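I would like the atomic coordinates for the input below:
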Amino acid sequence: MKYCECIVDGAARGNPGEAGCGIVIKLEKKIIKMYFYLGKQTNNYAEYMALLYCLKKLIALKQQVVRISTDSQLVANHMSGSFECKSKTLQPLYQECKELFKQFASIEIVQRPREFTKDADALANLAVDHKTDKEFEYSNF
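Numbers count the residues shown, from 1 in each chain. Sure, this is the predicted structure:
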């Protein structure tokens, strides 16, 4: 079964500071790019929001087999169960993501070097620059 490849990233200018998140979803016949402005937040909050927005979009697209890449070691380790999420701010986001994970037949989240997530990072920074949300869709034939 072919899987859907996703890349997520969050950005905060200051910690906390103006924040945004970016998502790239690579489907068989199209690529979806999204970004969301988050206001004043921490970088870890932005990383979690990128994952959360990604999961919700994947569910709306009825994707069942998913691999999500992030440069956030914290998020990857929380979601894989390697680290416990103790932050009172992140705990609700973590719990919501864990619940959404249950809707997939197969889901994997992996931590990758920053160079791999640069497209999602650029989108996160666009969200901060423009203080808005946006979604783009490209045919991938």
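
going forward, measure contacts between C-alpha atoms and count neighbours the same way
Will do.

so what does the longest helix along the chain touch, helix or strand wise?
Longest helix in the chain, counting residues (DSSP state H): helix 43-60. Counting by 3 or more CA pairs under 8 Å, 6 or more residues apart in numbering; DSSP states H and E, the packing neighbours recorded for helix 43-60 are strand 4-14, strand 17-26, helix 73-80, helix 91-101.

can you put those in TSV and add mean neighbour count, mean pLDDT and distance to residue 128?
Listed next are those as TSV, based on neighbours: other CA atoms under 10 Å; pLDDT from 0 to 100; distance: least, CA to CA, whole Å:
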stretch	mean neighbour count	mean pLDDT	distance to residue 128
strand 4-14	24	97	8
strand 17-26	27	98	5
helix 73-80	18	97	21
helix 91-101	15	98	20
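
list the contacts for residue 8?
Shown in contact with residue 8 (CA atoms under 8 Å, 6 or more residues apart in numbering): 21-24, 47, 50-51, 54, 68-71, 117, 120-121.

with residue 12 instead?
18, 19, 20, 40, 41, 42, 43, 46.

excluding chain neighbours, what is closest to the fifth one?
Counting by CA to CA, 6 or more residues apart in numbering, residue 41 lies nearest to residue 16, which is 4.8 Å off, once chain neighbours are set aside.

just to revisit the earlier point, beyond the longest helix of the chain, next helix or strand please.
Using DSSP states H and E, the next helix or strand after helix 43-60 towards the C-terminus is strand 65-70.

shaky segments in the chain?
For the chain, the stretches with pLDDT under 70 are 1, 140-141.

cutoff 90 now
Residues of the chain that meet the criterion pLDDT under 90 lie in 1-3, 28, 140-141.

how far does the longest helix of the chain sit from its chain's centre?
Put simply, helix 43-60 sits 4 Å off its chain's centre (CA atoms, centre = their mean, to the nearest Å).
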